[in-house]
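[1] Turn this into a structure:
(chains A and B)
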Amino acid sequence: MNKKYNENRIQELLKVASDNITPSDVAFDVLLSKLDTKTVKPNIYTKPVLSPFSVFKLAGAFTAFVLVVLGVRNISTPLQNTITPGEGAGGAVLTQGSEIALGTIGSGSASENSAGSGSATGESAARSMSSTFAKSSAQSPEAREIESATLNSLVAESQADSELLALSPDI
Amino acid sequence: MIDFKDLVEKAQAGDKDAYGTIYSELYTPVYKYVYIRTRSKELSEDITSDVFLRFLSSLHLYTTQKDTPLSYLFTIARNLLINNGKKKKADLFEEGMEENVRDESASSLERNIFKEEVGLVMEVLNKIQDDQREVIELKFLSELSTKEVASLLKKSEANVRQLESRGLRKMRELLQSNE
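    Numbers count the residues shown, from 1 in each chain, chains lettered A, B, ... in the order given. All right, here's what the predicted structure looks like:
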């Protein structure tokens, strides 16, 4: 067996081979001239203000907020619409009055189950309406006449309604 | 002993002298590593310059906790070599070899024998397993420490030593069988 090549000899030859691999002198300035100095930035890691995930979360929260606002509006609008003239004992004209009239209608509708009380509430509603009408209109005598006639007819109607309710308590 | 981590931090802050020191200290090991793979001076110089350009341009992304600068540079070099994909089957020793082997005391015959021996060792190096060859190239041709090789190849130091030992043994066997 030839003992010429052992591990140490091989390492020695490899070292010679390594020494023979000599790069040309490449000036560092040449390398730097190739390098766009703008690309060398300080190593300051700045967290993004909003990560993609947080953008989604924010968008979700905003959408939920919008939906809640729209939902509230949609719920409140039908409520206002449901307080319609025909439901209250005071009648259609009464709802066009002021808040007092609306409050009266509320009490009127609540007391529909009890016979007799509808008359009282209907009258109070009519009275409150007449005060509203008196404040808001009737500048001329003709207008006053029309107004008083309307009110009289309303009072008469409400009295008739209450009498009808008194006659038929099951309604 | 040069503190490369400190140099890298200075370079990241924009210190050009720090770049210069990193470049001058690490250019040769990287060049040797590339040359062994390409066997071409021009290509090796191009790739090595590219390695440093990439290193400097990505310096702001580099963190000293993860890798040493040398292993980071070698990783870039490996990737570039993979992309380059060329292995020139030329003689490892170009015109420079004759100069280095020349020993005044040695005769012309001895010099020729020595040159042949080196050539033979390099030839045999290409015949051993890839993982063993890579360890021997990094350790003896690029002159990295066992720790640096282990870090670069993502292996334990014991594993690197084992690969080195097996590779050298295999080379010896191949050389002896050539006799």
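[2] what about the closest residue to B:L163 other than its chain neighbours, is that helix, strand or coil?
    Nearest residue to B:L163, sequence neighbours excluded (CB to CB, 6 or more residues apart in numbering or on different chains): B:V135, at 4.4 Å. To be clear about C-beta, it is placed using only N, CA and C from the backbone, and glycine gets the same treatment. What DSSP: H, G, I helix; E, B strand; the rest coil gives for B:V135 is helix.
[3] Tell me where the model's unsure across the chain.
    I went with chain A, as the question did not name one. Counting by pLDDT under 70, chain A contains low-confidence ranges at A:1-3, A:25-53, A:75-140, A:165, A:167-171.
[4] nope, chain B please
    For chain B, applying pLDDT under 70 flags the ranges B:1, B:64-66, B:85-111, B:179.
[5] So for it, which residue is the most central one in space?
    B:Y33 (2.5 Å; CA atoms, centre = their mean).
[6] Secondary structure element holding that one?
    helix B:16-38 (DSSP states H and E).
[7] thinking again about what came up before, count the neighbours of the residue nearest to the residue nearest to the centre of chain B when sequence neighbours are not counted for me.
    The shortest distance from B:Y33 to any non-neighbouring residue, by CB to CB, 6+ apart, is to B:S142 (4.4 Å). Applying other CB atoms under 10 Å in any protein chain shown, we find 24 other residues in the vicinity of B:S142.
[8] Same question for the one 4 residues further on.
    B:T146 has 15 neighbours, counted by other CB under 10 Å.
[9] Quick check, it in contact with B:K139.
    Yes - between B:T146 and B:K139 there is a contact under CB atoms under 8 Å: 6.9 Å.
[10] on that earlier part again, helix or strand next in line after the helix holding B:Y33, which one?
    Downstream of helix B:16-38, the next assigned helix or strand under DSSP H and E is helix B:41-57.
[11] Report the buried residues of that following helix.
    Across helix B:41-57, burial judged by 16 or more other CB atoms under 10 Å in any protein chain shown covers B:41, B:43-45, B:47-57.
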